[in-house]
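1. This is a predicted model, with the sequence first.
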Amino acid sequence: METLSLLWGTVLLRPYVFIFLAVYLTIAILNMGVLRSLFFTVLAYSIAFLCEYSSTRNGFPFGFYTYIDTTRDQELWISNVPFMDSLSFSFLIYVSYTLSLLLWAPLIKKGWDIRLGEIGPIKHSFKVIASASILCMLMDVIIDPVAFRGDQWFLGKIYFYREPGEYFHIPLTNFAGWLFVSATTLTCFAAFNSLLDHKIPLKTKQIAGQALLGPGLYFGVLAFNLGVTFYIGEFLLGVWGIFFTSGVLSLVGFKIRN
């Protein structure tokens with residue numbers, strides 16, 4: 001009962017995380033069914049948690065940091081890591097993967113009804129996984145500096161680094177860690193999915209504009225964090241975030257037009 005109470009407290013304390021999670025699960029189930037979606041979520045959470053657990057003890061792969069447990073009686077924690085933090089990696093990695101597929105896959109386009117063509121040969125390719133990992137890391141260029149200043153908005157102060165970082169107080173090792181977690185998750189999922197394709201072929205229904213759903217959530221998460229960035233007065237970080245977000249949007253626009 002206490003665990004259920006803390007889980008409900010997590011939802012109430014971090015509602016935006018679970019809104020993003022619900023939208024992600026809807027999109028993932030549309031794209032790859034329930035079984036693959038649940039496996040991806042558990043896999044991403046598990047890898048992210050192990051990496052966070054490791055980093056808070058030996059600095060690998062994100063660098064040394066510590067979570068502040070002021071909310072331990074309000075939300076669910078697993079050991080010394082807030083449950084919601086590791087869980088966020090599942091939808092952040094997945095939407096980055098869908099954006100990577102949009103950039104590399106052939107498209108079927110009828111106005112704004114944009115769908116992916118045949119992705120079988122490339123869906124687990126090095127270029128798709130590498131691009132997705134970079135795109136996920138780029139999200140963190142905004143996410144972590146904003147989360148670090150959680151005491152200036154409703155997130156609250158939840159962690160600190162042992163040593164001040166080079167990028168808006170965030171060490172560069174953190175971004176290397178995001179690359180590592182994303183690439184590891186997508187590589188492990190590729191192995192599972194390839195095996196599953198031989199046993200349970202994927203059969204899903206297509207809806208109009210399906211190829212844009214995951215990328216839309218990608219930019220939705222960025223828009224939320226950019227909004228918070230300007231709300232707390234971090235204008236330099238906000239301008240930089242708009243610059244790189246516009247760059248990624250331009251790539252998407254170029255791909256769709258051509």
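-> Looks like it arrived, so ask away.
2. for the protein, where's the lowest mean pLDDT among helices and strands?
-> Within the chain, no helix or strand scores below helix 2-13, which has a mean of 79 by mean pLDDT, DSSP states H and E.
3. Give me the contact list for that one.
-> F18, T71, Q74, E75, L76, W77, P82, F83, M84 (C-beta atoms under 8 Å, 6 or more residues apart in numbering). C-beta here means a position set from N, CA and C on the backbone, and glycine is covered the same way.
4. how about it: buried residues?
-> For helix 2-13, the neighbour count (16 or more other C-beta atoms under 10 Å) marks L6, T10, L13 as buried.
5. Just after that helix, pick out the following helix or strand.
-> Remark: after helix 2-13, the chain's next helix or strand is helix 15-58, criterion DSSP states H and E.
6. How far does that following helix sit from its chain's centre?
-> 8 Å (C-alpha atoms, centre = their mean, to the nearest Å).
7. Straight-line length of stretch 9-18, end to end?
-> 12 Å (C-alpha to C-alpha, to the nearest Å).
8. Save the buried residues of helix 2-13 as TSV, and put in distance to L103 too.
-> As requested, the buried residues of helix 2-13 are exported to TSV (distance: C-beta to C-beta, whole Å):
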residue	distance to L103
L6	39
T10	34
L13	35
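9. Nearest to P121 among those residues?
-> Using C-beta to C-beta, T10 comes nearest to P121 of the buried residues of helix 2-13, at 40.2 Å.
10. among the contacts of helix 2-13, which are in strands?
-> W77, P82 (DSSP state E).
11. The stretch 51-200 of the chain: helices as residue ranges?
-> For the stretch 51-200 of the chain, the helices defined by DSSP state H, counting those that start in this stretch occupy 83-104, 126-148, 172-199.
12. ok, now which ones touch S37?
-> Taking C-beta under 8 Å, 6+ apart, one finds L25, A28, I29 in contact with S37.
13. Select from those residues the one having the most neighbours.
-> Most neighbours among these, by other C-beta atoms under 10 Å: A28, with 24 neighbours.
14. Leaving out the residues flanking it, which one is nearest to that one?
-> Nearest non-adjacent residue to A28, counting by C-beta to C-beta, 6 or more residues apart in numbering: S37, 3.9 Å away.
15. now L155
-> Per C-beta to C-beta, 6+ apart, closest to L155 is A147, 6.2 Å.
16. The one you found: neighbour count?
-> The burial count for A147: 20, using other C-beta under 10 Å.
17. which residues touch it?
-> L155, I158, Y159.
18. how about 10 Å then?
-> For A147, the residues meeting the contact criterion (C-beta atoms under 10 Å, 6 or more residues apart in numbering) are D85, S88, D140, W153, L155, G156, K157, I158, Y159, I170, N225, V228.
19. Let me have these in CSV, extended by neighbour count.
-> Listed next are those as CSV, based on neighbours: other C-beta atoms under 10 Å:
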residue, neighbour count
D85, 19
S88, 22
D140, 21
W153, 14
L155, 17
G156, 15
K157, 13
I158, 18
Y159, 17
I170, 22
N225, 22
V228, 22
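20. And these, which is closest to Y67?
-> Nearest member of the contacts of A147 to Y67, counting by C-beta to C-beta, is Y159, at 4.8 Å.
21. what sits against that closest one?
-> Y159 neighbours (C-beta under 10 Å, 6+ apart): 52, 56, 65-68, 81-82, 85, 144, 147-148, 150.
22. Please tell me how far it sits from E118.
-> 43 Å (C-beta to C-beta, to the nearest Å).
23. One more: S86?
-> Counting by C-beta to C-beta, the gap between S86 and E118 amounts to 34 Å.
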